[in-house]
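Novice: this one's sequence-less:
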DNA sequence: ATGCGGATATATAACGTTGTAAAACCTGAG
DNA sequence: CTCAGGTTTTACAACGTTATATATCCGCAT
């Protein structure tokens, strides 16, 4: 197995601590000594055992990032950004996925991998506020995503209601009048927690346009397939929308695919707007109009927040931070063809 | 901070080891004792310190997975599969990405996070065989992906040459005659390492069709944008292919987008085949024909291999394992329109 | 010479866990 | 009442580090 400090010390004929001092280049070490020890280190190919260091220091330098599903490119892209941001602070990221199951989310919340992670960034889906209160683990926790929680933790998310309203306003501005919403999960269809749905509703009400339940298509999951199924369901039941606002890009893409299969033209017959600005939407045959949250900022802020609590200001007041977003109009939206 | 075994022992009035025995439910513990200790555990909210356990046992239960880029859905989907496979063996996955840079790949190879990971699954891009020889770290290493290495490590990859030939044969079978290849990295264009390129060439030669350099479009990266750029370059320089075989789905999708923008019809004017079977391709407006490697099998085999070396058979002979693949014909390929 | 102070090296004790070996405790047979 | 034989519990050491406090060294002023 790998050599330890002791082995190096023995070979160099010095004390263990001296080797440690060299390894961590502690200032007060004679150049001669430093070289002698270094030679032994090289000869044995010594590499410090981080596990031991972790135990001694009580810190591991690892942050966990728990997302529902890596297969969703939004989370994959976000994960990449988080890994980079963490690296800038010398932290490593341990990935986990919850499949959007409440049970797993709770598990992650309650000291998952106790003591091996210094902090946790979680993007929950089913988690409830009550699950958060009475949390025992004391590792800093930052929440991401669409849900808002009444709990003392940092939450980083764009203003989903406003963003959704911007998307819908884009459609109404184009002259669309029957705007459907795709992606309310069945169980939550009428819960206020669904911010994007709320934004859709608010904007339509304000514009004096219909926003009845008929225009809302529930889904089971958040994937392309769910989007396609919801779109088909909507059309099958006779709803005739002239535009669709989807909960996310994946569902929007699925919906577009369903529309094309039925011979409907996007954007002329039905315009489509997504949410997330996943790269895939940019390169889709019909490029997708979407709401683009600032993923870099989200990742950066989340990491900074965790790191700040870890180094120095643990009792900092929890905040709700709202990074920016932009609406990116592409090919999937246009005025109705006369 | 969290309570330790010592705290629990003190509260329960027993020895530290007894508490440890209860925690690990060691058989020889009196029911009464067990209950008394359990009560103390609950009262203090004790959670075992995994770091200490790791140090003691010399194992962490963590395997690292290093991929070039999480933003590429192929790797994201693969990562998901690896995480699941690892979970089945009670291992956790630490993600890292190398951005496809040789330097980072080498770093990962040489005992990255020494001693905190038990094993490593790496999907290299630029890594050379020489980087692998003389590796000092003794954590099991499994290599994934298109490159083949002459080094004593397990390698898991589908038969890329055969798979590429299958893809090309599909095109020739459809009556396509000028089949371009997109995605040879500039530096490697003529290296034998590029298995998919080799397959393309072999199949064309055997079919007596042209496979000159003019039909090969080099790229810098592996993304959608690179695919689009390569496609445009190909057409700009006057090459007139009637089909394109792309190194991966992302590039194929980018190429399709470029073709549509130029007013060319897919599949009629130019047919397109990708590689990876990323979900995105299935839902693309023009569903993408592709080679589908068995990702579940790849993930499962990689994890099993690592775990096997970790538990029991460390000196097992390194093997090259080839999981299966299928060609999935969808809408992006068809016979030329007369 | 003697002593002082700063720089360099060391011995020892933790961090929280588990393996080992030995101690304490039972039970029932002689 | 004693002791063998088993079960249950304990003390102690170790995993590889680093912090603390202590020891050693050196040059230089007294």
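Specialist: Arrived safely. Please read all numbers here as calculations on a predicted model, not as lab measurements. Numbering: from 1, shown residues only, chains lettered A, B, ... in the order given.

Novice: Now whichever residue of the stretch 51-200 of chain A sits closest to DNA strand C: which helix or strand?
Specialist: Relative to DNA strand C, the nearest point of the stretch 51-200 of chain A is residue A:56 (3.8 Å; Cβ to the nearest atom of the strand). Bear in mind the C-beta positions are built from the backbone N, C-alpha and C, glycine included. In this structure, residue A:56 is located in helix A:50-57 according to DSSP states H and E.

Novice: still on that earlier bit, tell me who's in contact with the residue of the stretch 51-200 of chain A closest to DNA strand C.
Specialist: Neighbour list for residue A:56: empty [criterion: Cβ atoms under 8 Å, 6 or more residues apart in numbering or on different chains].

Novice: follow-up on the earlier one: quick one: the helix holding residue A:56 to chain centroid distance?
Specialist: Chain-centre distance of helix A:50-57: 29 Å, with Cα atoms, centre = their mean, to the nearest Å.

Novice: which parts of chain A sit against DNA strand D?
Specialist: When proximity is defined as Cβ under 7 Å from any atom of the strand, chain A approaches DNA strand D at A:1, A:4-6, A:16-17, A:20, A:23-24, A:46-49, A:52-53, A:55-57.

Novice: quick one: the helix holding residue A:56 to helix B:50-57, angle?
Specialist: Here the directions of helix A:50-57 and helix B:50-57 differ by 130 degrees (axes from the mean of the first three to the mean of the last three Cα atoms, to 10 degrees).

Novice: Rounded mean pLDDT for helix A:50-57, please.
Specialist: The predicted model assigns helix A:50-57 a mean pLDDT of 94.

Novice: Repeat that for stretch A:35-46.
Specialist: 96.

Novice: Same check on stretch A:129-144?
Specialist: Here stretch A:129-144 scores 92 as its mean pLDDT.

Novice: And the contacts of that stretch?
Specialist: Contact with stretch A:129-144 is made by A:78, A:102, A:105-106, A:109-112, A:114, A:117-124, A:149-151, A:153-157, A:298, A:302, A:305-306, A:309-310, A:314, B:1-2, B:45, B:47, as judged by Cβ under 8 Å, 6+ apart.

Novice: that older thread, buried among the residues of chain A next to DNA strand D? Need that as a selection in PyMOL.
Specialist: To isolate the buried members of the residues of chain A next to DNA strand D in PyMOL, using 16 or more other Cβ atoms under 10 Å in any protein chain shown:
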select buried, chain A and resi 4+5+20+23+46+47+48+49+52+53+55
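
Novice: which residues in the stretch 101-250 of chain A form strands?
Specialist: Here the stretch 101-250 of chain A has its strands, by DSSP state E, counting those that start in this stretch, at A:119-122, A:141-144, A:154-156, A:179-185, A:216-219, A:243-246.

Novice: okay, those, which one's buried deepest?
Specialist: Of all the strands of the stretch 101-250 of chain A, strand A:243-246 has the most neighbours on average by mean count of other Cβ atoms under 10 Å in any protein chain shown, namely a mean of 30.

Novice: Partner strands of it, with direction?
Specialist: Paired strands of strand A:243-246, with direction, are strand A:179-185 (parallel), strand A:271-275 (parallel) (DSSP bridges).

Novice: any chance of those in JSON lines, plus mean pLDDT and distance to residue B:180?
Specialist: Shown next, in JSON lines, are these (pLDDT from 0 to 100; distance: least, Cβ to Cβ, whole Å):
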{"stretch": "strand A:179-185", "mean pLDDT": "90", "distance to residue B:180": "38"}
{"stretch": "strand A:271-275", "mean pLDDT": "98", "distance to residue B:180": "32"}
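
Novice: Looking at these, which is nearest to residue B:222?
Specialist: Nearest of those to residue B:222, taken as Cβ to Cβ: strand A:271-275 at 24.2 Å.

Novice: contact partners of the closest one?
Specialist: By Cβ under 8 Å, 6+ apart, the list of residues contacting strand A:271-275 from outside reads A:163-164, A:167-168, A:170-171, A:174, A:176, A:196, A:242-253, A:255-256, A:259, A:266, A:281, A:288-291, A:332-334.

Novice: Ok, stretch A:247-256 next?
Specialist: With contact meaning Cβ under 8 Å, 6+ apart, stretch A:247-256 is reached by A:72-74, A:181-184, A:196-197, A:219, A:222-231, A:244, A:246, A:266, A:272-278, A:280-281, A:284, A:286, A:288, A:290, A:332, B:280, B:283, B:285.

Novice: Out of the residues you listed, list just those in helices.
Specialist: A:73-74, A:196-197, A:224-231, A:280-281, B:280, B:283 (DSSP state H).

Novice: Cross-check the residues you listed against DNA strand C and keep the overlap.
Specialist: Near DNA strand C, judged by Cβ under 7 Å from any atom of the strand, there are no entries from the ones in helices among the contacts of stretch A:247-256.

Novice: Is it possible to mark the buried ones in the contacts of stretch A:247-256?
Specialist: Among those, those classed as buried by 16+ other Cβ under 10 Å are A:72-74, A:181-184, A:196-197, A:219, A:222-231, A:244, A:246, A:266, A:272-278, A:280-281, A:284, A:286, A:288, A:290, A:332, B:280, B:283, B:285.

Novice: ok, residue A:236 - contacts?
Specialist: Counting by Cβ under 8 Å, 6+ apart, residue A:236 touches no other residue.

Novice: hang on, residue A:246 packs against residue A:227?
Specialist: Yes: taking contacts as Cβ atoms under 8 Å, residue A:246 lies within contact range of residue A:227: 6.0 Å.

Novice: overlap in contacts of those two?
Specialist: Joint contacts of residue A:246 and residue A:227 (Cβ under 8 Å, 6+ apart) are A:182, A:183, A:252, A:255.

Novice: Can you tell me which of those residues is closest to residue B:41?
Specialist: So of the shared contacts of residue A:246 and residue A:227, ranked by how close each gets to residue B:41 (Cβ to Cβ), first place is residue A:183, at 43.3 Å.

Novice: okay but the closest one is in contact with residue A:221, surely?
Specialist: No: between residue A:183 and residue A:221 there is no contact under Cβ under 8 Å: 9.5 Å.

Novice: What about residue A:112, how many residues nearby?
Specialist: Residue A:112 has 20 neighbouring residues, counting by other Cβ atoms under 10 Å in any protein chain shown.

Novice: Go ahead and confirm it touches residue A:95.
Specialist: No: with contact defined as Cβ under 8 Å, residue A:112 and residue A:95 do not form a contacting pair (12.0 Å).

Novice: Pull up the overlap in contacts between these two.
Specialist: With Cβ under 8 Å, 6+ apart, residue A:112 and residue A:95 have common neighbours A:64, A:66.

Novice: which ones are touching residue A:227?
Specialist: A:182, A:183, A:219, A:246, A:250, A:251, A:252, A:253, A:254, A:255, A:258.

Novice: nope, residue A:211 is what I was after
Specialist: A:179, A:200, A:201, A:204, A:205.

Novice: And it, what's its pLDDT?
Specialist: Residue A:211 is assigned 93 on the pLDDT scale.

Novice: ok, now the one 3 residues further on?
Specialist: Reading off the confidence values, residue A:214 has pLDDT 93.

Novice: what about it, how many residues close to it?
Specialist: Neighbour count for residue A:214, taken as other Cβ under 10 Å: 14.

Novice: Against residue A:171, how distant is it?
Specialist: As judged by Cβ to Cβ, to the nearest Å, residue A:214 and residue A:171 stand 17 Å apart.

Novice: Could I get the strands paired with strand A:243-246 in CSV, plus columns for distance to DNA strand C?
Specialist: Shown next, in CSV, are those (distance: least, Cβ to the nearest atom of the strand, whole Å):
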stretch, distance to DNA strand C
strand A:179-185, 39
strand A:271-275, 43
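
Novice: Export the ones you listed as JSON lines, with columns for distance to residue A:86.
Specialist: Shown next, in JSON lines, are the strands paired with strand A:243-246 (distance: least, Cβ to Cβ, whole Å):
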{"stretch": "strand A:179-185", "distance to residue A:86": "30"}
{"stretch": "strand A:271-275", "distance to residue A:86": "25"}
